[in-house]
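build me a structure from this.
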Amino acid sequence: MPNLPIYHQVATYLKEHQAQLVAVSKTKPIEEIQALYDAGQRVFGENRVQELREKQPILASDIQWHLIGHLQSNKVKYIAPYIHLIHSVDSIKLLAEINKQAYKNNRTIDCLLQFHIATESTKFGLSLEEAQEMLSSEAYESYENIRIVGVMGMASFTDNHQQVRQEFKTLKGIFDELKKQFFEKQESFQEISMGMSGDYKVAIEEGSTMVRIGSLLFNS
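Residues are numbered from 1 along each chain as shown. Sure thing, here's the model as predicted:
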C-alpha cells in the first residue's frame, strides 16, 4: 500500500513551493490508488492508454488523469473524452490527432510539449528547433481544440546530480524561450513538468511546477 507519511511529506513540500504532485499510478492496483485518493490526492499519471482505460471507469470521477507516457496517435481516441493533461506531445502528427479527437468530444485538451533533454538516445522528445517549427506552422494555427500549457522533460537516469540539474536548466530555458516567442500573452502557458522520485527537489529548485512521483509514494 502507499506510504502515506511520505505522501503527506512530499505533498506538503510541493504545496509550499507551489508545485503540483502527479502521483504516478502505472502498474498499481485500484486499491492502492484509492488509498492515495482517500488521503487527498486527486491527480494521477498513467503511462499506458490500455491501463488507464481499465482504471478510469472504476475510480472517482473527480480524478484528474494525466497521460505521462509515450502516446501513439491511434490511441488518442480512447482517452479524449476525459483526459485532463497529456504530457508527451512530441510531433505535429500527434497534436493533429489530439485536436481531431478533442473536437469530436466537444472539448479542448491541454497538452505539454515533450523535449529531449537527457543523454540517453532512447528518450522521446522534441528539440527546441522542432518545436519552433511546429508552433510556427499553419497546421498548428488551425488547431482550435488543443491548448499548449507548458513543457515536459525527463532527465538522464544517473547519480550525477549536477548533470540532472543542468538538464532541468535546459528545459527551463526552453520554456522561457517558447513563452517569449509564442505564448507571451497566454497565462495558461505556465507548466514545467520535470522531476521524479529521485530528483524532484532539484527539479523544484530549477523551476518545476509539476513533478511525477511514483516509487517514493508506493514503496516500489
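
every contact and neighbour count from this point should use C-alpha atoms.
Will do.

for this structure, longest helix please?
Within the chain, and with DSSP state H defining each element, the longest helix by residue count is helix 161-182.

what lies in contact with it?
Helix 161-182 has contacts (CA atoms under 8 Å, 6 or more residues apart in numbering) with 115, 117-118, 128, 132, 135, 150-153, 155-156, 158, 189, 192, 194, 199, 202-203, 206-208.

from those, list the buried ones, please.
115, 117-118, 128, 135, 150-153, 155-156, 189, 192, 194, 199, 202-203, 206-208 (16 or more other CA atoms under 10 Å).

and the longest helix of the chain, how far out from the chain's middle?
15 Å (CA atoms, centre = their mean, to the nearest Å).

on that earlier part again, filter the contacts of helix 161-182 down to the ones in helices?
Reading helices off the contacts of helix 161-182 with DSSP H, I get 128, 132, 135, 202-203.

any figure for the gap between the residue most central in space within the chain and G150?
Central residue of the chain (CA atoms, centre = their mean): H87, 3.3 Å from the mean position. Distance, H87 to G150, by CA to CA, to the nearest Å: 9 Å.

common neighbours of these two, please.
Residues touching both H87 and G150 (CA under 8 Å, 6+ apart): 111-113, 193.

right, and C111 touches N145 too?
No: with contact defined as CA atoms under 8 Å, C111 does not count as touching N145 (10.6 Å).

more neighbours: those two, which one.
Neighbour totals were compared for C111 and N145, and C111 leads with 25 against 20 (other CA atoms under 10 Å).

report the mean per-residue pLDDT for the helix or strand harbouring that one.
Assigned by DSSP states H and E, C111 belongs to strand 109-115. Strand 109-115 comes out with an average pLDDT of 98.

quick one: it to helix 161-182, angle?
Counting by axes from the mean of the first three to the mean of the last three CA atoms, to 10 degrees, strand 109-115 lies at 130 degrees to helix 161-182.

now strand 109-115, how far from the chain's geometric center?
Taking mean C-alpha positions (CA atoms, centre = their mean), strand 109-115 and its chain are 7 Å apart.

what does it contact?
Contacts of strand 109-115 (CA under 8 Å, 6+ apart): 80, 83-90, 98-99, 102, 124-128, 131, 145-154, 171, 191.

of those residues, buried ones?
By neighbour count, with 16+ other CA under 10 Å, the contacts of strand 109-115 hold 80, 83-90, 98-99, 102, 124-126, 128, 131, 145-154, 171, 191 as buried.

from those, which land in strands?
85-89, 146-153, 191 (DSSP state E).

and those as JSON lines, adding distance to F175 and pLDDT?
Listed next are those as JSON lines, based on distance: CA to CA, whole Å; pLDDT from 0 to 100:
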{"residue": "L85", "distance to F175": "17", "pLDDT": "98"}
{"residue": "I86", "distance to F175": "17", "pLDDT": "98"}
{"residue": "H87", "distance to F175": "14", "pLDDT": "97"}
{"residue": "S88", "distance to F175": "15", "pLDDT": "95"}
{"residue": "V89", "distance to F175": "15", "pLDDT": "97"}
{"residue": "I146", "distance to F175": "18", "pLDDT": "98"}
{"residue": "R147", "distance to F175": "15", "pLDDT": "98"}
{"residue": "I148", "distance to F175": "12", "pLDDT": "98"}
{"residue": "V149", "distance to F175": "10", "pLDDT": "98"}
{"residue": "G150", "distance to F175": "7", "pLDDT": "98"}
{"residue": "V151", "distance to F175": "6", "pLDDT": "98"}
{"residue": "M152", "distance to F175": "9", "pLDDT": "97"}
{"residue": "G153", "distance to F175": "11", "pLDDT": "95"}
{"residue": "E191", "distance to F175": "9", "pLDDT": "98"}
